[in-house]
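Novice: please work out how this folds:
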Amino acid sequence: MGNTCCAQQTATKQRHGRARHKGRSVSPLPPPRTVSAKFNMSLKENSIRTPLCNVGPFEGLFDSYRKAIEDSLVDNVDTADVKGVVKSVVDLVDPRQLALTKLRTADDTHFLEPIWGRYRTDDKLTKESLSTLIEEYLQSMRSFMPQLQSTLIRRIVRLFIQGDTKQVERDVGKALEGGMSRTLDDFFNSRKQNLRLITDELWLILDANGDGKVDEGEFHQQFLNSTALVEMGDAVHAAVADEVADTVAKKLCNHLRVPPGRCGLANLGNTCYMNAAIQCLSATPKFRQHFLSDRFVRGVNTSNPLGCRGEIVCSFAKLLKHMWHGSRSYKPIEFKQAISHHNPMFTGWNQHDSQEFNNYLLDSLHEDLNEVTDKVPYSQLSDESGKPDHEAAAMWWHNHLQWNKSSIVRLFHGQHKSVLECLDCGDKSIAFDPFSSVSVPFPSGGSPSSPVTLQACLNLFSEHENIGRACPKCRSARSRKKIQLWRLPKYLIIHLKRFSQTGGKINTAVHTPERLDPSQWLARPLHGAVGDMIDVCASPASGRPKHTRVPSIASAASSMEEITPEGTYHLYAKINHFGTARSGHYTATAKIADGWHSFDDSLVTGPLRENPCARPSSAAYVLFYALK
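Specialist: I've put the predicted structure just below:
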């Protein structure tokens with residue numbers, strides 16, 4: 001499909017290699033390794049300079065700060081790194097200018113005019129009035145601190161967190177109420193006790209000619225640059241910066257380090273189809289644990305000509321580890337590169353079908369983990385209609401296992417029974433093919449306002465279908481085909497066939513039940529339909545075995561009849577598609593530890609208040625069920 005992902009911005013592409021300058025190659029500088037270093041570099045790259053430190057430009061530049069923050073964040077957030085970024089933002093504030101802003105009146109345009117006009121006597125400033133001025137100046141700085149604190153907290157939190165930030169702001173504000181107030185109280189009390197020393201020091205600077213009075217020119221020239229005011233401003237700044245940065249960083253990191261599994265995936269440019277499929281597979285417990293525990297490593301097959309030399313499976317495992325170790329968002333660049341390298345169809349930034357990508361990924365992981373190294377020549381099975389179903393199915397399954405043995409087979413592969421029957425002579429041909437997903441059609445008559453049930457789709461899937469295949473005996477073209485499930489996998493993937501051959505999309509809403517009883521679509525009783533796969537997925541104890549045992553036909557047939565606990569499939573994830581066949585967007589909904597969550601590229605929402613199975617959906621596209 002040629003879908004175009006709407007409302008997605010193409011990710012900024014990092015340029016690698018050497019830059020050309022005057023005909024010579026110049027090696028690029030090494031990239032910064034910490035968040036704070038990346039932030040400061042981003043400020044320079046975006047020409048962001050320290051503004052005049054009043055509220056107006058401080059607020060006006062925060063959009064640029066947000067971009068710098070987003071560009072600088074790394075995958076594993078560290079408290080020290082976040083504190084460095086917060087202090088970089090706080091450094092843009094100068095308490096001296098803020099205090100002068102507090103003292104000025106609304107009608108005046110110059111910082112010092114209202115101050116001079118208020119404290120001078122006979123156009124001169126005396127030492128006594130200077131002492132009063134400094135005391136009120138300190139009080140102005142002190143009174144501005146709560147406003148500065150509130151402004152910093154709101155904006156710094158919003159730099160890091162998209163969406164609702166009110167709760168984080170309240171948590172940070174409450175934590176700062178005690179600590180920073182005490183810090184500032186101690187500072188101002190100590191300065192008030194030394195007010196005479198500060199006045200004497202400043203007076204010596206202002207009264208440059210020593211006549212005991214300061215005129216307007218001396219005041220304007222020296223006041224802001226005086227040593228005493230610089231020292232006071234730096235001390236206030238240090239007190240605010242350290243307290244705010246330390247407290248905000250701790251709270252932000254607690255928020256940024258989300259529980260495992262709640263990691264969003266950045267859209268690299270129309271890669272929502274990939275992100276949605278990955279999120280659903282990530283929510284598959286036994287599958288996920290196989291990679292997180294590194295049990296897969298011993299079984300990586302780098303010599304399989306049908307595989308990818310282990311590159312896709314290793315990059316996928318690395319991706320899952322990032323997603324399940326507290327990262328809030330991750331850019332799957334390395335994984336996308338591995339996929340594109342081995343399948344040119346996924347090269348570039350075009351939109352693709354998420355179900356097709358999911359099938360390709362599972363197949364690639366299987367071939368990278370395939371433990372069958374000495375493959376026997378593949379034999380095409382003849383018609384087994386004369387044998388009992390369980391024996392014929394065992395022979396087909398045995399044939400499948402001679403070429404395919406991996407954790408993917410164990411978890412996702414099932415087997416269905418297809419019967420092709422001639423309507424004239426009655427000749428039948430029976431096959432038991434393996435499958436990794438089931439594609440089901442929509443019954444006619446449905447619409448977004450007239451939903452159908454998933455059961456109705458499965459019923460249509462298992463009904464007789466008239467086809468025009470010539471009968472090998474009587475050559476009649478009147479025949480029909482019936483497909484039923486035979487062997488059920490641990491995880492059943494159901495693909496709803498929304499996209500037609502003509503390029504249209506079926507927007508029929510469908511009820512997706514949270515519990516699904518598969519017995520009515522089985523070609524045999526549920527008893528024994530989920531047989532043990534004879535250790536098909538057990539990894540070797542040490543290294544890859546030279547020969548991998550394939551179960552005999554007899555043992556395979558026996559396993560088909562083993563009694564296994566009858567169970568029900570439970571929905572745990574689904575891929576959604578919004579839009580049309582030509583312009584759409586994929587998201588995922590998945591159940592993790594504390595409930596259902598929505599995954600829209602890098603945005604993760606949840607736990608959801610409403611169960612996604614409660615209402616019919618016209619967006620549901622691929623459903624993931626686990627047998628319980």
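Novice: so T580 touches S500, yeah?
Specialist: No. Taking Cβ atoms under 8 Å as the definition, T580 is not a contact partner of S500, at 11.9 Å. C-beta: built from backbone N, CA, C; applies to glycine.
Novice: the two: who's more crowded?
Specialist: T580 (15 against 10; other Cβ atoms under 10 Å).
Novice: burial count for the nearest residue to P259 once chain neighbours are set aside?
Specialist: Nearest residue to P259 in three dimensions, chain neighbours excluded: A593, at 6.8 Å (Cβ to Cβ, 6 or more residues apart in numbering). The number of residues packed around A593, counting by other Cβ under 10 Å, is 10.
Novice: just the pLDDT for A593.
Specialist: pLDDT for A593: 81.
Novice: would you map the strands across the stretch 401-550 of the chain?
Specialist: In the stretch 401-550 of the chain, the segments counted as strands under DSSP state E, counting those that start in this stretch are 414-422, 428-435, 438-440, 452-453, 465-467, 479-487, 491-496, 510-511, 515-516.
Novice: count of neighbours near K497?
Specialist: Quick note: K497 (other Cβ under 10 Å) scores 14 neighbours.
Novice: list the residues that contact it.
Specialist: By Cβ atoms under 8 Å, 6 or more residues apart in numbering, the contact list for K497 reads S439, V440, P441, F442, I506.
Novice: and it, how far from T508?
Specialist: 11 Å (Cβ to Cβ, to the nearest Å).
Novice: common neighbours of these two, please.
Specialist: F442.
Novice: quick check: which of the strands of the stretch 401-550 of the chain is buried the most?
Specialist: Among the strands of the stretch 401-550 of the chain, strand 491-496 has the highest mean neighbour count (mean count of other Cβ atoms under 10 Å), at a mean of 23.
Novice: S293: how many residues sit nearby?
Specialist: Going by other Cβ under 10 Å, the residues that sit close to S293 add up to 10.
Novice: make that G261, sorry
Specialist: 22.
Novice: W521 too?
Specialist: 19.
Novice: you'd agree it is up against I483?
Specialist: No. Using Cβ under 8 Å, W521 makes no contact with I483, being 9.4 Å away.
Novice: need the overlap of contacts for these two.
Specialist: Counting by Cβ under 8 Å, 6+ apart, the residues touching both W521 and I483 are F461, S462.
Novice: follow-up on the earlier one: okay, the strands of the stretch 401-550 of the chain in TSV with mean pLDDT and distance to K286 next?
Specialist: Shown next, in TSV, are these (pLDDT from 0 to 100; distance: least, Cβ to Cβ, whole Å):
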stretch	mean pLDDT	distance to K286
strand 414-422	92	15
strand 428-435	91	19
strand 438-440	96	20
strand 452-453	95	28
strand 465-467	87	34
strand 479-487	92	18
strand 491-496	97	8
strand 510-511	96	27
strand 515-516	94	19
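Novice: hmm, back to that, any idea which of the contacts of K497 is the one closest to L516?
Specialist: V440 (12.0 Å; Cβ to Cβ).
Novice: tell me how far the closest one lies from Q455.
Specialist: 10 Å.
Novice: D363 now?
Specialist: 29 Å.
Novice: for K628, same thing?
Specialist: 18 Å.
Novice: among those two, which residue is more densely surrounded?
Specialist: Set side by side, K628 and Q455 show more neighbours around Q455, with 15 against 10, by other Cβ under 10 Å.
Novice: ok, that one - contacts?
Specialist: So Q455 contacts P513, Q520 (Cβ under 8 Å, 6+ apart).
Novice: wait, D433 touches H413, no?
Specialist: No. Assessed by Cβ under 8 Å, D433 is found out of contact with H413, at 10.6 Å.
Novice: before we move on, the earlier item: tabulate the contacts of K497 (CSV), appending distance to P607.
Specialist: What follows is the contacts of K497, written out as CSV (distance: Cβ to Cβ, whole Å):
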residue, distance to P607
S439, 31
V440, 29
P441, 33
F442, 30
I506, 30
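Novice: and of those residues, the nearest to G233?
Specialist: Closest to G233, out of all of the contacts of K497 and judged by Cβ to Cβ, is I506, at 67.0 Å.
Novice: contacting residues for the closest residue to that closest one other than its chain neighbours?
Specialist: Once flanking residues are discounted, I506 sits nearest to R498: 4.8 Å by Cβ to Cβ, 6+ apart. R498 is in contact with F442, K505, I506, N507, H577, Y621, counting by Cβ under 8 Å, 6+ apart.
Novice: turn the buried ones among the residues you listed into a named PyMOL selection, would you?
Specialist: In PyMOL, this line selects whichever of the contacts of R498 come out buried by 16 or more other Cβ atoms under 10 Å:
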select buried, resi 442+505+506+507+577+621
